[in-house]
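Student: Fold the following for me, if possible:
(3 chains)
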Amino acid sequence: MTDLPCDTEGRCMVCKDVPPDCDVLLCNSCSSPWHMLCLHPPLESVPSGDWDCPDCCLSPLSSSFSLPPLASAAVDKPFQAPASEVVSRIRAIQADESLTEVEKAKRRQEIMSKGLNDTAGLLTRATPNGCPTKNGGGGNWNSTLKFLDQSLDCIFCMQLADRPVTTPCGHNFCLKCFQKWVGQGKKTCGKCRAAIPAKMASHPRINAALVIAIRMAKTAKSNGGPPKVYQHRDNDSRPDKCFTTSRAVKTGKANACSGKIFVTIPPDHFGPIPAENDPLRNQGVLVGESWEDRLECRQWGAHMPHVAGIAGQSDYGSQSVALSGGYEDDEDHGEWFLYTGSGGRDLSGNKRTNKEQSFDQKFDKMNEALRISCKQGYPVRVVRSHKEKRSCYAPETGVRYDGVYRIEKCWRKKGIQGYQVCRYLFVRCDNEPAPWTSDEQGDRPRPLPEIEELKIATDIFDRKLPPSWDFKECGEWGWMREAPPSRKTGKGSSESVQKRKQLSIQQRLLKEFGCGVCRKVLQQPLSMPCGHNFCKPCLDGAFGQQSTRERTGVSGRPLRTQKVMKRCPTCNADISDYLITPQINRQMEEVIQTLQDTPVVDHSIISDTDCMQGDQEGDVKDCSKPTSNLQKEQNETQAQGKNKPIPEAGKATLTGYSNSSKEPATAADVDKSHVHKRSCVDSEAEDHAVSLKPNGRGRVAKKARGNVTKLPPRITRTRLCNNGDATSKKLQLNGCPAMVEVSSDSDFE
DNA sequence: GGGCCCGCAGGG
DNA sequence: CCCTGCGGGCCC
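Tutor: Reported below is the predicted structural model:
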């Protein structure tokens, strides 16, 4: 028989009666009220000295616990005061006949919670930005932890809060205790009786900062030091991004999905992303890492698709999923969840998503990919987005990597909206603990949860094969069979990706840092506002250094000086103003120098994507256009009052832009200060990529789903910067881009 | 906060 | 080449 205290309404949790005050005993340590007659053995009279309740006697933090110097400094008087004083104050309240029982309870709670409230303040001090500091080391560290340890107890079960949730009044509860409490219809805090907002009651969120604090407390207890804490990455460490539209420039985001991928895994890589595939940080993608949005998440390889919730291939398997609240049938229990397949929705009218289900889902496409991962027992990476509002386990902001799960079963059932949906049971199987638990270890194999809806399910699919990813004898999850070889690199392993990267540095150098005029590696690079780079000598040679021209009238009378029109050799943008005082891009120069100093390895193994595209695509070393002709051509163009395509432009194809986005990051990619990141050698190609769209949908002027308008083949309008501020139009003539009208330069802002 | 719009990646 | 997609910004 266990001993239980009185609840917040003063009712004994053993006999369920409200005992008279004379039969209530207050614990010296935790001040909780106990019904003396229901204790084991029952107490007939109030003990003469201080009395500790059974919980505190069992607890390692029993009455012998004394406040350490740091903590006590931060604590309010009542908590610091002798316990007898607290007891006497509470007794005084109990004896006050002017108070109702509810008021008494409230006051009692106030006294009892004072110290705890202040510990919340201490926690804040110890963990600015929600992340624990490590400077609490030494004596202070341990004392702080001890203190935290107690203050982080759940109000109900008195244990360190498991999956802690925090009410707006600042009290912490285990998620389960809290849900039980509100499930009983309680609408006030169990501690201080402050109202719990309905939203919080129905959708509590795990307090991530507390999870870390509790884990630290635990780890420190066993290891004597603070554990490693994963912090949110800010954008400072992000290399530059790819801008194409003016709107994208504003936000710096819209086209970031073409931004660098920082990890060297192929897109069809299964399982966690290890340190060896993280050349920038050499730590891999860690459980609990979070990013601002899906675009940034993509850059770290946790979940590659920018919109879709499922990454995978229908004949190969699914590598990752996102829980973003897009499908209302989803059900999240943290260590396991029920996921809904994709499809079944009407996406006509150029929509990306649609909440309305309008037909049945089938096990095809991505849904089939998930089923293959289920069949094979592959590890599937899971990210949770803040957009999932119904789950307690979703992050408050951004997108978080939560580790790998296995799909144990899948089936179909009628969804909430009445159409058949594919369902998947995901169960966590990661070596690192989940972001919401304070466990120090990762998952252990656990029994499958009971799924009610299986009773009404159809097309139930269970794994027959032993899983590819399983818990090994060594006590860790890992591959039991060889991980499926990547089909994207053609080489199979992440090592080859690494190797490829190493081997191609020289090529990359040429590709990333080629001059748009001489096509050699840039010397004294000048970066134009339009994003194209040229050697300073090349531009000087092409335009001369004069920015204005003196003129004389017919009579020999001097006229106003005229500005010399200078246009970007690649995209024809007006760069006259920029060339008045051109600044050499020193950072780029340094990166080029560094790359040039890197020893060359065997070139024969370089993959085709790394190689330059050969003659027909504009070889870097091909100086086919003498720079001296350039100015002549420009002048002619101006003289005729219209723009002509530049001859090489037609030669180039869509290489640099779209390929580089798929390729692993290089040392060159870390050139943070350089805004214009795209290939210069393939700059014409790149221009195509922008105007044609890298996926080759260039001929589509405006696409309304199911109603694609095709324009005539010879003259194709490929781009209309028409986001409310129409800026420029480009015509494509026989595959050569030519600017026909530039009403403003906002393209480059 | 909801509707609308659309760039983009990647599957098929 | 077309289709799909649990985004994200902007406008209202």
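
Student: what's the one helix or strand residue A:181 maps to in contact with?
Tutor: Residue A:181 is part of helix A:175-183 when elements are defined by DSSP states H and E. Helix A:175-183 is contacted from outside by A:154-157, A:162-165, A:173, A:190, A:196, A:201-202, A:204, A:206, A:392, using C-beta atoms under 8 Å, 6 or more residues apart in numbering. (Glycine included, C-beta is placed from N, CA and C.)

Student: Output it as CSV, nothing but the C-alphas.
Tutor: Extracted C-alpha coordinates of helix A:175-183, given in CSV (Å, rounded to 0.1, in the frame of the first residue of the first chain):
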residue,chain,number,x,y,z
LEU,A,175,2.9,15.9,-19.8
LYS,A,176,1.0,12.8,-18.7
CYS,A,177,0.2,14.2,-15.3
PHE,A,178,-1.0,17.5,-16.9
GLN,A,179,-3.1,15.7,-19.4
LYS,A,180,-4.7,13.6,-16.7
TRP,A,181,-5.4,16.7,-14.7
VAL,A,182,-7.1,18.6,-17.5
GLY,A,183,-8.7,15.4,-18.6
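
Student: that older thread, go through the contacts of helix A:175-183 and flag which are in strands.
Tutor: If you go by DSSP state E, the contacts of helix A:175-183 have A:164-165, A:173 in strands.

Student: ChimeraX command to pick out the buried ones of those?
Tutor: Entered in ChimeraX, the line below selects the buried ones among the ones in strands among the contacts of helix A:175-183, by 16 or more other C-beta atoms under 10 Å:
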select /A:164,165,173
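
Student: between the ones in strands among the contacts of helix A:175-183, which is closest to DNA strand B?
Tutor: Distance to DNA strand B, by C-beta to the nearest atom of the strand, is smallest for residue A:165 among those, at 19.6 Å.

Student: Name the nearest residue to that closest one, sequence neighbours excluded.
Tutor: Of all residues not flanking residue A:165 in the chain, residue A:204 sits nearest, at 4.2 Å (C-beta to C-beta, 6 or more residues apart in numbering).

Student: In this structure the one you found contacts residue A:163, no?
Tutor: No: the criterion here is C-beta atoms under 8 Å, and residue A:204 misses it with residue A:163 at 9.3 Å.

Student: Now do the shared contacts for these two.
Tutor: Common neighbours of residue A:204 and residue A:163 (C-beta under 8 Å, 6+ apart) are A:175, A:392.

Student: of those two, who's got more company?
Tutor: residue A:163 (25 against 20; other C-beta atoms under 10 Å).

Student: nearest spatial neighbour of the more buried one, skipping sequence neighbours?
Tutor: Take residue A:163 and drop its neighbours on the chain: the residue closest to it by C-beta to C-beta, 6+ apart is residue A:175, 3.8 Å away.

Student: That neighbour: neighbour count?
Tutor: Neighbours of residue A:175 (other C-beta under 10 Å): 21.

Student: got a markdown table for the ones in strands among the contacts of helix A:175-183, with pLDDT too?
Tutor: Listed next are these as a markdown table, based on pLDDT from 0 to 100:
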| residue | pLDDT |
| --- | --- |
| A:164 | 89 |
| A:165 | 88 |
| A:173 | 89 |
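
Student: Find the residue closest to residue A:404 in space, skipping its chain neighbours.
Tutor: residue A:379 (3.7 Å).

Student: quick one: that neighbour and residue A:406 touch, right?
Tutor: Yes: contact between residue A:379 and residue A:406 holds when scored by C-beta under 8 Å: they sit 6.4 Å apart.

Student: got any residues that touch both of those two?
Tutor: A:429, A:469.

Student: all strands for the stretch 401-550 of chain A, in order.
Tutor: Using DSSP state E, counting those that start in this stretch, the strands found in the stretch 401-550 of chain A span residues A:420-428, A:458-462, A:469-471, A:477-479, A:525-527, A:533-535, A:548-552.

Student: Quick one: mean pLDDT for the fourth one?
Tutor: So that's strand A:477-479. Across strand A:477-479, pLDDT averages out at 97.

Student: Quick check: the residue of chain A nearest DNA strand B.
Tutor: For chain A, C-beta to the nearest atom of the strand, closest residue to DNA strand B: residue A:314, 2.7 Å.

Student: Does the residue nearest to that residue when sequence neighbours are not counted fall in a helix, a strand, or a coil region?
Tutor: Leaving aside its sequence neighbours, residue A:314 sits nearest to residue A:368 (C-beta to C-beta, 6+ apart; 4.2 Å). Classification of residue A:368 using DSSP: H, G, I helix; E, B strand; the rest coil returns helix.

Student: where does the stretch 251-400 of chain A dip in pLDDT?
Tutor: For the stretch 251-400 of chain A, the stretches flagged by pLDDT under 70 are A:251-259.

Student: That one against DNA strand C: which residues are in contact?
Tutor: A:251, A:253-254, A:293-295, A:305-310, A:322-327, A:330, A:339-340, A:342-343, A:345, A:347, A:351-353, A:365-366, A:385, A:387-388 (C-beta under 7 Å from any atom of the strand).

Student: follow-up on the earlier one: contact partners for the residue of chain A closest to DNA strand B?
Tutor: Contact analysis of residue A:314 by C-beta under 8 Å, 6+ apart lists A:364-366, A:368-369, A:372.

Student: now do 6 Å
Tutor: Residue A:314 sits next to A:365, A:368-369 when contact means C-beta atoms under 6 Å, 6 or more residues apart in numbering.

Student: Tell me if I am right that residue A:384 is in a helix.
Tutor: No: using three-state DSSP, the assignment for residue A:384 is strand, not a helix.
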